[in-house]
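**Q** Sequence isn't available, so here's the structure alone:
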């Protein structure tokens, strides 16, 4: 009896151990499966969030590209607007210069025609001139006069103002013919006073007879507000000066 009870106890314990093992195994499987499902769901959620972030990045990049395109368009429009303003300013200045004469000026020359010298006046600028006048003095003759005669001569010359009228851009006129020959020995020294709608200026003419022809140098003195206010025209073949000679 005692052995039978012992055997039953052993059997019961064996069966109980098996059941416990099965339960533990089931619990482990259940816990592992649960963790696997949770991990799978977490991975799936992570992928969804990653895709959302990628989509947001694409949207942000698209917006940045759109903003860059808008910025480039604005810069391009600003550049074109600046170019248009510069053209308008240039046209405005050009219209003003056409009205006022701009930096144009007249130049007097002696031109020989049919054995006579003629006084030739030319507009040296790109803009027309109006209300033009001039008078000039022969400095060679002026230097030979007494002080009183110099004053009288200058008054006579300044009162003999020639009204030249209107000059087109680069326009020129012959105003009169000289009734005398130019002095080849003494050369030519003339000062010319001009006025026009754009101001006043003075031209000094020096001419020398060299190797069978006249060589001419000019000096222009403009109003101080003009730039430059002094302009020289001295050709390379103009004879060299003596130590004490001032070309003008």
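**A** The structure has been received and is ready for your questions. As the structure is a computational prediction, the values presented were derived from the model and not from experiment. Numbering: from 1, shown residues only.

**Q** residue nearest the centroid of this structure?
**A** Within the chain, one residue has its C-alpha closest to the average C-alpha position: by Cα atoms, centre = their mean, that is residue 86, at 8.2 Å.

**Q** Could you check which helix or strand contains it?
**A** In this structure, residue 86 is located in helix 2-100 according to DSSP states H and E.

**Q** Quick one: mean pLDDT for the following helix or strand past that helix?
**A** On the C-terminal side of helix 2-100, the closest following helix or strand by DSSP H and E is strand 106-113. Along strand 106-113, the predicted confidence averages to a pLDDT of 90.

**Q** Determine the set of other helices and strands touching strand 106-113.
**A** If contacts are counted by 3 or more Cβ pairs under 8 Å, 6 or more residues apart in numbering; DSSP states H and E, strand 106-113 sits against strand 116-123, strand 129-138, strand 188-196, strand 199-210, strand 213-222. No exception for glycine: its C-beta is placed from N, CA and C like everyone else's.

**Q** State the pLDDT value of the residue nearest to the centre of the chain.
**A** Value listed for residue 86 in the pLDDT field: 84.

**Q** try the one 3 residues further on
**A** Reading off the confidence values, residue 89 has pLDDT 82.

**Q** ditto for residue 51
**A** Here the pLDDT value assigned to residue 51 is 81.

**Q** Over to residue 246?
**A** Among the per-residue scores, residue 246 shows a pLDDT of 62.

**Q** count of neighbours near residue 191?
**A** Other residues lying near residue 191 total 19 when counted by other Cβ atoms under 10 Å.

**Q** Minimum distance to residue 149: which of the helices and strands packed on strand 106-113 has it?
**A** Across those, the minimum distance to residue 149, taken as Cβ to Cβ, is reached by strand 129-138, at 12.4 Å.

**Q** how distant is that closest one from the center of its chain?
**A** With Cα atoms, centre = their mean, to the nearest Å as the basis, strand 129-138 stands 36 Å off its chain's centre.

**Q** what do you get for stretch 205-222?
**A** A distance of 37 Å separates the C-alpha centroid of stretch 205-222 from that of its chain, computed with Cα atoms, centre = their mean.

**Q** okay if I get the helices and strands packed on strand 106-113 as TSV plus mean pLDDT and distance to residue 39?
**A** Supplementary listing: these in TSV, determined by pLDDT from 0 to 100; distance: least, Cβ to Cβ, whole Å:
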stretch	mean pLDDT	distance to residue 39
strand 116-123	90	96
strand 129-138	94	96
strand 188-196	95	97
strand 199-210	94	94
strand 213-222	93	94
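
**Q** got these as CSV, with distance to residue 98 columns?
**A** CSV is the format used below for the helices and strands packed on strand 106-113 (distance: least, Cβ to Cβ, whole Å):
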stretch, distance to residue 98
strand 116-123, 13
strand 129-138, 11
strand 188-196, 14
strand 199-210, 16
strand 213-222, 19
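
**Q** Tell me who's in contact with the closest residue to residue 138 other than its chain neighbours.
**A** Nearest residue to residue 138 in three dimensions, chain neighbours excluded: residue 190, at 5.9 Å (Cβ to Cβ, 6 or more residues apart in numbering). Contacts here follow Cβ atoms under 8 Å, 6 or more residues apart in numbering; on that basis residue 190 touches 108, 136-139, 204-205.

**Q** Equivalent analysis for residue 122, please.
**A** Applying Cβ under 8 Å, 6+ apart, one finds that residue 122 lies in contact with 106-107, 109, 170-173.
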